[in-house]
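[1] let's see this in three dimensions:
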Amino acid sequence: MTTLLRRLPGQISSSWRRRAVIQRETHNNRTSFPTSRDGARLLAGGGGSLTGYRRAQSRWQHTEAGGPVEVDLKRLEGEDDGIVEVLMCRHKARNALGHVFVSQMRELVSTLSSDSAVRVVVFRSLVPGVFCAGADLKERALMNNSESDLFVHGLRSLMTQIASLPMPTIAAMDGVALGGGLELALACDLRTAAHSAQMGLIETTRGLLPGAGGSQRLPRMVGVTLAKELIFTGRRLGGQTALEMGLVNRAVEQNQTGDAAYREALSLAREILPQAPIAVRMAKEAMNKGVEVDITSAMAIERMCYAQVIPTRDRQEGMAAFMEKRAPRYTGE
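    Okay, here's the model as predicted:
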């Protein structure tokens, strides 16, 4: 059984309620979330030209007015309580990173960042054969140079926001993950992939370079020399090859329902779920910050993170469970 997370509280118009009823009936009972009309401003992190923002807003206003649900949240229950799924469901555009998609993703990630009940987040697609196809080139073609730079800056900021989530994140790639789609997966802590999945930073084949963090995260993941080869050539990789080079954590044969990578991601999330949540979050922070500095500074970071878990009830519970030879029952306190 699953229930859907609701967006931030606020008044909802009667027209929105009517749309929500229709969307719940047509999207397998998923609760729809209103799209922020300040999405373009949020994407820019408050920077950029207001005039450029207004021009961009007018171009996409008709899309937002219809209130499409392109990104959704689902909270698992029962033994999986604590696992939350980010559902990418922009079917017609193969989850392309358009204005509405990015705006909704940013808002949902923001809600997750302050939710202490969330222990693991799984990013998955509801579009068959696709994780995320990358940039929405039709929208991008409508932008002038400054608007394009503003949007890509916002996209880069979104990936940083995902990478900065305090809990572990897993990307389940059951299909195509190209350009910005792979950059989204790279922003997650862990990745699973079907052998049949295709992934790559293909921007150089379009006259660009990875602009949403890919040129920085890929070298840190697979090494500078290999990353340069992949980015210079724009090569596409299958899941097994990606596993061999360390780009993904687990690769599996695709199943008949086309969700093998998701099932593997869920299995991985279930391995993380029983562990002490504060300890897991502090371990993530220690590693993320430690790899960016020299070893002496990294040790100081580790000490600071370790100090955060010493006074927790979870640490006391862990010690008590060990002495009593039973499974610990962590509460995140």
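[2] got the domain boundaries for this protein?
    71-273, 277-324 (the TED database).
[3] which one, of those, ends up nearest to E333?
    domain 277-324 (4.4 Å; CB to CB). Bear in mind the C-beta positions are built from the backbone N, C-alpha and C, glycine included.
[4] so, low pLDDT: which residues of the chain?
    1-66 (pLDDT under 70).
[5] show me where it has strands.
    Here the chain has its strands, by DSSP state E, at 2-3, 71-76, 83-88, 120-125, 130-132, 169-173, 176-178, 190-194, 198-200, 237-238, 250-252.
[6] OK, contacts around the spatially closest residue to E285 that is not a sequence neighbour?
    Using CB to CB, 6 or more residues apart in numbering and skipping the chain neighbours, the partner closest in space to E285 is C305 (5.5 Å). C305 is in contact with 282-283, 285-286, counting by CB atoms under 8 Å, 6 or more residues apart in numbering.
[7] any idea how far L76 is from R281?
    R281 sits 19 Å away from L76, taking CB to CB, to the nearest Å as the criterion.
[8] then E317?
    23 Å.
[9] my guess is C188 meets T169, correct?
    Yes. Assessed by CB atoms under 8 Å, C188 is found in contact with T169 at 4.2 Å.
[10] quick check: neighbours shared by the two?
    With contacts defined as CB under 8 Å, 6+ apart, the residues shared by C188 and T169 are 123, 162.
[11] which of the contacts of C305 are buried?
    Buried members of the contacts of C305, counted by 16 or more other CB atoms under 10 Å: 282-283, 285-286.
[12] looking at the domains of the chain, which is buried most?
    By mean neighbour count, with neighbours taken as mean count of other CB atoms under 10 Å, domain 71-273 ranks first of the domains of the chain at a mean of 20.
[13] end-to-end on that one?
    Using CA to CA, to the nearest Å, the end-to-end distance of domain 71-273 comes out at 24 Å.
[14] ok, now stretch 159-175?
    Chord length of stretch 159-175, first to last residue, is 20 Å (CA to CA).
[15] tell me how far that stretch lies from the chain's centre.
    Remark: stretch 159-175 is offset 4 Å from the chain centroid, using CA atoms, centre = their mean, to the nearest Å.
[16] same check on stretch 210-219?
    That offset, for stretch 210-219, works out to 15 Å (CA atoms, centre = their mean).
[17] kindly report the same for stretch 266-273.
    On CA atoms, centre = their mean, the centre of stretch 266-273 falls 16 Å from the chain's centre.
[18] ok, now stretch 86-98?
    For stretch 86-98, the separation from the chain centroid amounts to 13 Å (computed by CA atoms, centre = their mean).
[19] please export the C-alpha coordinates of it as PDB.
    Extracted C-alpha coordinates of stretch 86-98, given in PDB (Å, rounded to 0.1, in the frame of the first residue of the first chain):
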ATOM      1  CA  VAL A  86      10.100  10.700  -6.700                       C
ATOM      2  CA  LEU A  87       8.000   9.800  -9.700                       C
ATOM      3  CA  MET A  88       8.900  11.300 -13.100                       C
ATOM      4  CA  CYS A  89       5.800  11.200 -15.300                       C
ATOM      5  CA  ARG A  90       6.100  13.600 -18.200                       C
ATOM      6  CA  HIS A  91       5.000  10.900 -20.700                       C
ATOM      7  CA  LYS A  92       4.700  12.900 -23.900                       C
ATOM      8  CA  ALA A  93       8.100  14.400 -23.700                       C
ATOM      9  CA  ARG A  94      10.000  11.400 -22.200                       C
ATOM     10  CA  ASN A  95      10.700  13.200 -19.000                       C
ATOM     11  CA  ALA A  96      12.600  16.000 -20.800                       C
ATOM     12  CA  LEU A  97      13.800  18.700 -18.500                       C
ATOM     13  CA  GLY A  98      11.400  21.400 -19.300                       C
END
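[20] give me the contacts around that stretch.
    Contacts for stretch 86-98 (CB under 8 Å, 6+ apart): 27, 30, 60, 63, 68-74, 101, 105, 108-109, 112, 121-127, 130-139, 155, 176, 180-181, 184.
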